[in-house]
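> My questions are about this predicted structure, shown below with the sequence.
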Amino acid sequence: MSSNQLTDSGQLRHFLTIEGLKQPLLTEIMDRAEQFSGITNRQVKKVPLLRGKTIFNLFFENSTRTRTTFELAAKRLSADVINLNINTSATSKGESLLDTLHNLEAMHSDMFVVRHSQSGAAEFIAQHVAPHVSVINAGDGCHAHPTQAMLDMFTIRRHKQHFPDLRVAIVGDILHSRVARSQIQALSTLGVGEIRVIGPKTILPADTQTLGVHVYHDMAAGLEGVDVVIMLRLQHERMQGALLPSAREYYDCFGLTDEKLKLAKPDAIVMHPGPINRGVEIASTVADGPQSVILEQVTHGIAIRMAVMSMTLGAQSEQQEVQA
Ligand code: CP
């Protein structure tokens, strides 16, 4: 668990991991996102909540969905947002991560949104920033992707309402997935009835049993009667050595096809954090089919990120008032 993501009064100071957060806080994030999602339908999609605040997007690893929805969320809250281009920044001239951060702090930044290939990078940055700066983890190595997990919970709640009644299956490369780790923590905290993980032994963590989930190596058995199917990409960039026989065989055994989806409940929803690899972990007919909520997840990412940004910067302001 992160040592310092909550204030003394239990509010979000940073958002680094789902681990250790209580159910009321996760519900508060979703409730706040529900309020913000209405703004998206307005002609003027802006509220002045973070006017005057400066937010830096620091993406040391590639991203499409997370970076752009953080940027949109910041703009809709009226913050000034800067996307630092890491490839053309001075980090490529040998400047250390902390020196880069301290230079950005000197520009009166209020928040860093950080994606990094190293697990623990966001936590490390949070330990070294000035007291008024919030850090949000936008995905660190195989460790955590808390805003992705929250937008996934929000999407499930929109469709299924009552978490304890649900059976949720997460399928694929759990071993290398920061998304799966954060999802399992969020689903457990929200009291989901049954969490299943499905995949070949080589890409499930050795300690899976300790996560409080049911493990299946047979896709048909694992999908039987579930309400939610979450598909994951094979994360080749984090695999060391050959963990799978072939993409074709993987698809035959663990790819989600229309036929396999029929084993889930008829009203089951299909989710995927993206990017999707069609014909590897999911058939196009499923990804684009009536049960897919994959693009809805992307849309909900804006409201969830607005909620988390406003909560962390709100907590910071309150903390400063207390300390003044
Ligand atoms: N889901 C997700 O993190 O996607 P990106 O890598 O495009 O941000």
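Perfect, thanks for sending it. Numbering: from 1, shown residues only.
> I'd like the average pLDDT over the top helix by length along the chain.
In the chain, with assignment by DSSP state H, the single longest helix is helix 294-323. Mean pLDDT, helix 294-323: 85.
> So is it next to the ligand?
No. If you take CB under 6 Å from any ligand atom as the test, helix 294-323 misses the ligand, and the best it gets is 8.1 Å. (Each C-beta comes from the backbone N, C-alpha and C, glycine too.)
> Buried ones in that helix, by neighbour count?
294, 296-298, 300-316, 319 (16 or more other CB atoms under 10 Å).
> same question, stretch 204-220
Leu204, Pro205, Thr208, Leu211, Val213, Val215, Tyr216, Met219.
> now do stretch 222-232
If you call a residue buried by 16+ other CB under 10 Å, then stretch 222-232 has these buried ones: Gly222, Leu223, Val226, Asp227, Val228, Val229, Ile230, Met231, Leu232.
> Tell me which two of those sit farthest apart.
Asp227 and Leu232 (17.6 Å; CB to CB).
> Let me know the angle separating the helix or strand containing Phe70 from helix 294-323.
Using DSSP states H and E, Phe70 falls within helix 65-76. Relative orientation of helix 65-76 versus helix 294-323 (axes from the mean of the first three to the mean of the last three CA atoms, to 10 degrees): 50 degrees.
> Can you show me the helices along the protein?
Assigned by DSSP H, the chain shows helices spanning 23-37, 65-76, 97-105, 121-128, 146-160, 178-189, 219-223, 247-254, 258-261, 284-287, 294-323.
> Of those helices, give the one that comes closest to Leu50.
That would be, of those and by CB to CB, helix 294-323, which comes in at 6.0 Å.
> tell me what that closest one is packed against?
Helix 294-323 sits against helix 23-37, helix 65-76, strand 111-116, strand 134-140, helix 146-160, strand 269-271, with contacts defined as 3 or more CB pairs under 8 Å, 6 or more residues apart in numbering; DSSP states H and E.
> Now with 10 Å, please.
helix 23-37, helix 65-76, strand 111-116, strand 134-140, helix 146-160, strand 269-271, helix 284-287 (3 or more CB pairs under 10 Å, 6 or more residues apart in numbering; DSSP states H and E).
> Off-centre distance for the second one?
Helix 65-76 has its C-alpha centroid displaced from the chain centroid by 13 Å (CA atoms, centre = their mean, to the nearest Å).
> Quick check: buried residues in that helix?
Thr66, Arg67, Thr69, Phe70, Glu71, Leu72, Ala73, Ala74, Lys75, Arg76.
> again with the last one
Judged by neighbour count using 16+ other CB under 10 Å, the buried positions of helix 284-287 are Val286, Ala287.
> Count the neighbours of the residue of the stretch 151-300 of the chain found nearest the ligand for me.
Closest contact between the stretch 151-300 of the chain and the ligand, by CB to the nearest ligand atom, is at Pro273 (3.8 Å). Neighbour count for Pro273, taken as other CB atoms under 10 Å: 27.
> Thanks again, I'm all set now.
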